[in-house]
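> got a sequence here, can you build the structure:
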Amino acid sequence: MVNENGEKWKELRNQLTPPLSKTPQGNVAQIGQIIDDFMDVLHLQANKSNREIHGFQHQVNNQN
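Numbering: from 1, shown residues only. Have a look, this model is predicted:
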């Protein structure tokens, strides 16, 4: 990473950041559904007393 400010920072950020603001509206509903599904999984796996999810980091990093 670089330590820049002002216009130089803005220029670098625009080049390095994916243009998420240009996501077609059709994808927004799909992204929302993925988020809803993920939240459902989190709620099901959460410990009811402390809302902790055991092994969360492992579950997120393993896609098997």
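
> ok, residue 14 - how many residues close by?
9 (other CB atoms under 10 Å). Where C-beta positions appear, they are placed from N, C-alpha and C, glycine not excepted.

> with residue 45 instead?
With other CB under 10 Å as criterion, residue 45 counts 13.

> now swap in residue 46 and tell me
Neighbours of residue 46 (other CB under 10 Å): 14.

> am I right that it is in contact with residue 53?
Yes - judged on CB atoms under 8 Å, residue 46 makes contact with residue 53 at a distance of 5.4 Å.

> got the contact list for stretch 30-46?
Contact with stretch 30-46 is made by 23, 52, 53, 54, 59, as judged by CB atoms under 8 Å, 6 or more residues apart in numbering.

> so which of those are in helices?
Judged by DSSP state H, these include residue 59 as members of helices.

> if you rank the contacts of stretch 30-46 by neighbours, which is first?
residue 53 (16 neighbours).

> that one reaches residue 60, doesn't it?
No - judged on CB under 8 Å, residue 53 makes no contact with residue 60 at a distance of 9.5 Å.

> thinking again about what came up before, of all the contacts of stretch 30-46, the one with the weakest confidence?
The lowest pLDDT within the contacts of stretch 30-46 belongs to residue 23, with 63.

> residue nearest the centroid of the chain?
The residue lying closest to the centre of the chain (CA atoms, centre = their mean) is residue 35, at 8.8 Å.
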